[in-house]
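Asker: here are the coordinates; sequence isn't available:
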């Protein structure tokens, strides 16, 4: 059925519902109406179509199958099995019965049985395309990508405009790390269907993953020539340009994407980021705020605005936005660390210390630099013993870190604890004497005045620049 015919049929059925009068539809029309609503997720109207069809055509087994499909779609799986058994007793060769049973098995987590039923359904199906799609999806979920690709290709031979199948095919190739095969297939497909903007888009994505940025940009440009409202293609092109640090061009692409019917908060966020990189701070501020206005849950926009405002010394405004970001993504350690930095700059050291403790001990994110920053903050708070204990804890976690050894030795020497410092210095020099000497004097340049230390470092003390 053509799209115009389908829309006319659906409009006639909905008019019947609005007027609360029962009009006549033949069996195929009711089947088509019920299928339309099942596929679009309007299960209430799907059930009404099935009930009206059953009433007008009580001897048709089709509506028993439709009831089973409705039951599967609404997760009434036991009920679905009963309807399928009844339908199969009425018509054992009915392809829809076997296809629906396949869907039931898939929902029950029985993929091999689902595959057997769907393949059985293909033998008698008048139109196997929907079954090929289901088989491809099951094989894809099982990680059997070659078999999934075989069925997706069959679908596209019959329905080359099926965007979901093109997407799933591209995902399968990517999952097998077969980008070159994907490029070859998409080129062949485009030879037959040169105006498939979706195929050009996925060709561009594949070239991007293969690190062929210029080929990727060409493919995306073709997609946009065919459909200048193709938002995903704009975003992918702009991201490619951003990654190449071509921020002016990327910003122009994001601006084009905003000329469509619906503004996107994400597009404003990305545009703001490009402008920030171009040091156009007023424009960046404007677009970050617009992004938040359109999408209040866009935590990344709050983060970027917080960073930009912090750089400008506008700490109270910055703090407001990082708190918003944390409210949306409370387990993002980077957000906590940005908040800690803002608190430090505001002189709110206890609040900063709380953020570090959250990252280290609640979120369990640890690396040597993080421990060193935390220890430095503790020293600023005059919590000397806790700072030293933190560094010792870090050294136990990262015993091969020359940087941690250097910082700990520097702190000990600054506290005139020569014997302990010497012990840790020797351990650090066993790791890498030259690196240890360089880091120690880089972090604590005043220690060049310590004759004992310089003698100990000997040739491993780097000359003054």
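Answerer: It's in. The structure presented is a predicted model; accordingly, all values stated were derived computationally and were not measured.
Asker: Is it correct that residue 462 is in contact with residue 441?
Answerer: Yes: in this structure, residue 462 is within contact of residue 441 by C-beta atoms under 8 Å, at 6.4 Å. All C-beta spots, glycine's among them, are computed from the backbone N, C-alpha and C.
Asker: Look at those two and report which has more neighbours.
Answerer: Between residue 462 and residue 441, counted using other C-beta atoms under 10 Å, the more crowded position is residue 441 (21 against 15).
Asker: dump the residue contacts of the more buried one.
Answerer: 447, 448, 457, 461, 462 (C-beta atoms under 8 Å, 6 or more residues apart in numbering).
Asker: Can you list the buried residues in the longest helix seen in the chain?
Answerer: Scanning the chain for the longest helix, with DSSP state H as the assignment, gives helix 418-443. Residues 421-422, 424-425, 428-429, 433, 435-441 are the ones in helix 418-443 that count as buried (16 or more other C-beta atoms under 10 Å).
Asker: do the same with stretch 151-160
Answerer: Buried-residue list, stretch 151-160, by 16+ other C-beta under 10 Å: 151, 152, 154, 155, 156.
Asker: between these, which is closest to residue 310?
Answerer: Using C-beta to C-beta, residue 152 comes nearest to residue 310 of these, at 48.4 Å.
Asker: you'd agree the closest one is up against residue 172?
Answerer: Yes: applying C-beta under 8 Å as the test, residue 152 and residue 172 come out as touching, 7.0 Å apart.
Asker: picking up where we left off before, ok, the buried residues of helix 418-443 vs residue 94, which is closest?
Answerer: residue 435 (74.9 Å).
Asker: Quick check: the closest one vs residue 321, distance?
Answerer: Using C-beta to C-beta, to the nearest Å, residue 435 is found at 39 Å from residue 321.
Asker: One more: residue 328?
Answerer: 11 Å.
Asker: Next: residue 143.
Answerer: 42 Å.
Asker: surely residue 101 meets residue 87?
Answerer: No: at 9.3 Å, residue 101 and residue 87 do not qualify as touching, with contact defined as C-beta under 8 Å.
Asker: how much space is there between the nearest residue to residue 193 once chain neighbours are set aside and residue 109?
Answerer: Of all residues not flanking residue 193 in the chain, residue 160 sits nearest, at 4.9 Å (C-beta to C-beta, 6 or more residues apart in numbering). Distance, residue 160 to residue 109, using C-beta to C-beta: 33 Å.
Asker: What of residue 188?
Answerer: 36 Å.
Asker: rewinding a little: what is the subsequent helix or strand relative to the longest helix of the chain?
Answerer: Remark: after helix 418-443, the chain's next helix or strand is helix 451-457, criterion DSSP states H and E.
Asker: Would you mark the buried spots in that next one?
Answerer: Buried residues in helix 451-457 (16+ other C-beta under 10 Å): 453, 456, 457.
Asker: who has more neighbours, residue 143 and residue 321?
Answerer: residue 321 (25 against 10).
Asker: contact partners of the helix or strand hosting that one?
Answerer: Assigning secondary structure by DSSP H and E places residue 321 in helix 315-328. Contacts to helix 315-328, defined as C-beta under 8 Å, 6+ apart, come from residues 292, 297, 299-300, 302-303, 305-307, 309-310, 332, 335-336, 338-339, 342-343, 345-346.
Asker: Can you pull out the low-pLDDT segments for the stretch 351-465 of the chain?
Answerer: 465 (pLDDT under 70).
Asker: Equivalent analysis for the chain, please.
Answerer: In the chain (pLDDT under 70), the answer is 1, 261, 465.
Asker: And the strands in it?
Answerer: For the chain, no strands turn up when DSSP state E is the criterion.
Asker: returning to that earlier point: flag every buried residue along the helix holding residue 321.
Answerer: Neighbour-count burial for helix 315-328 flags 315, 318, 319, 321, 322, 324, 325, 326, 328 (criterion: 16+ other C-beta under 10 Å).
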